[in-house]
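Peer 1: I'll drop the sequence and a predicted model, then ask my questions.
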Amino acid sequence: MSEHNLQQRNQRTLRKLLIWAVAMFGFAFAMVPFYDVICDITGLNGKTSTTASTEGPSQVVEDRTVTVEFITQRGEGVNGDFTSATRRVEVHPGEITLVNFFASNPKSSDIITQSIPSVSPGEAARYLHKTQCFCFDQQSLAAGERKEMPMIFYLDPELPRHINTLTLSYTIFDVTDRVAATNN
């Protein structure tokens, strides 16, 4: 094989590798928004809506009771308490329910938090409708403050019959530095 042919093969291989690298980068870049769309459509991964439900329930299903459990977790860097007033409630699909959560800031400086929800089983996420939630907005906590944060929700009457219990988990994060960085 001549040196010229070898050089041409190397250049073709290099071009193919570069095309593959660009294609893989583009695919990886597109995966995040694609995943978000799939989660929004299917309720996959327990991802809930990030906006308030504007429609109320169509009816209350009195002959069915579903247990809704609440779990709270603190993300890295959060030192204060984060709890729900109740660990579980029994609700009828279509029934509007209020649950209060509490967060505290033991630090000597103000912080800004953001709470991220997740529902298990993931299939139930599309049937959980929040009309008001502290998770929709960032919450400011003054130094030493303890804050009550309400969440009002209902379960869609179309919730599949095999789902008798669902767990709503919130993880609270300190986003003070991130908010400061975006405001500068």
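Peer 2: Done, it's in.
Peer 1: T86 in helix, strand or coil?
Peer 2: Per DSSP: H, G, I helix; E, B strand; the rest coil, the local secondary structure of T86 is coil.
Peer 1: contacting residues for it?
Peer 2: 70, 99 (CB atoms under 8 Å, 6 or more residues apart in numbering). Backbone N, C-alpha and C define where each C-beta goes, glycine included.
Peer 1: can you check S108 too?
Peer 2: 143-144.
Peer 1: for this structure, give me the ranges with low pLDDT.
Peer 2: Residue ranges of the chain with pLDDT under 70: 1, 32-56, 184.
Peer 1: for it, what spans make up the strands?
Peer 2: Assigned by DSSP state E, the strands in the chain fall at 66-74, 82-84, 88-91, 97-104, 111-120, 128-133, 139-141, 146-155, 165-174.
Peer 1: quick one, which of those gets closest to W20.
Peer 2: Minimum separation from W20 across these (CB to CB) falls at strand 111-120, 34.8 Å.
Peer 1: name the helices or strands packed onto that closest one?
Peer 2: strand 139-141, strand 165-174, helix 176-183 (3 or more CB pairs under 8 Å, 6 or more residues apart in numbering; DSSP states H and E).
Peer 1: that strand relative to strand 146-155, how many degrees between them?
Peer 2: Put simply, strand 111-120 runs at 30 degrees to strand 146-155, going by axes from the mean of the first three to the mean of the last three CA atoms, to 10 degrees.
Peer 1: break the chain down into its domains, please.
Peer 2: Per automatic domain parsing, the structural domains of the chain span 1-42, 46-183.
Peer 1: among those domains, show me which one is buried the most.
Peer 2: Ranked by mean neighbour count, the domains of the chain are led by domain 46-183 with a mean of 16 (mean count of other CB atoms under 10 Å).
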